[in-house]
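Participant: For reference, the sequence and a predicted model appear below.
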Amino acid sequence: MYAVIKTGGKQYKVSPGEVIKVEKLNADIGDEIEISDVLLVAPDSGQAKVGQPIVNGAKVKARIIEHGRYKKVIIFKKKRRKGYKVKRGHRQHYTAIEIKEIMA
């Protein structure tokens, strides 16, 4: 069984037992969370339920494992012959969650 969820403005395909990194969530490590923005639920056998835009009554239970930051991304801007150079770095925050169960 798998589901497509939406969190942090992005969509993720998840299945039970999987660990994914999503945009930072305001919760403590070890907390259980419920994600109700489920766009699709597909059982192992049978027809998939597609939401318009979300599947009614479907939820995904997950547990927060860690908070962290991705590797640094370098932003470099330059305009030739003008002496203009800017170098900046950015590290995005993330939350790693473990998918416990999908309730359709």
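Facilitator: That came through fine. The structure displayed is predicted, hence computed values, not measured ones.
Participant: Identify the residue nearest S15 in space, chain neighbours excluded?
Facilitator: Y2 (4.3 Å; CB to CB, 6 or more residues apart in numbering). Where you see a C-beta, it was placed from the backbone N, CA and C, and this is true even at glycine.
Participant: Might one say that the one you found is in contact with I20?
Facilitator: No - between Y2 and I20 there is no contact under CB atoms under 8 Å: 12.0 Å.
Participant: Overlap in contacts, the two.
Facilitator: Residues within reach of Y2 and of I20 at once, by CB atoms under 8 Å, 6 or more residues apart in numbering, are V14.
Participant: which residues touch the lowest-mean-pLDDT helix or strand in the chain?
Facilitator: When each helix and strand of the chain is scored by mean pLDDT, DSSP states H and E, strand 49-50 comes last, with a mean of 93. Under the contact criterion CB under 8 Å, 6+ apart, strand 49-50 has outside partners 39-42, 55, 58, 104.
Participant: Just the element for the residue nearest the centre of the chain, please.
Facilitator: Nearest to the geometric centre of the chain sits V22, at 3.1 Å (CA atoms, centre = their mean). Take DSSP states H and E as the rule and V22 turns out to sit in strand 19-23.
Participant: ok, now K6?
Facilitator: K6 belongs to strand 2-7 when assigned by DSSP H and E.
Participant: what pairs with that strand, and is each one parallel or antiparallel?
Facilitator: Strand 2-7 has the following strand partners under DSSP bridges: strand 10-14 (antiparallel), strand 38-42 (antiparallel).
Participant: List the contacts of the last one.
Facilitator: Strand 38-42 has contacts (CB under 8 Å, 6+ apart) with 1-6, 11, 48-51, 53-55, 58-60, 102, 104.
Participant: Could you pull up phi and psi at the closest residue to K87 other than its chain neighbours?
Facilitator: Excluding the flanking residues, the one nearest K87 by CB to CB, 6+ apart is F76, at 5.1 Å. Main-chain dihedrals, F76, degrees, to the nearest 10: phi -130, psi 120.
Participant: ok, now which ones touch F76?
Facilitator: Here F76 is in contact with 85-88 (CB under 8 Å, 6+ apart).
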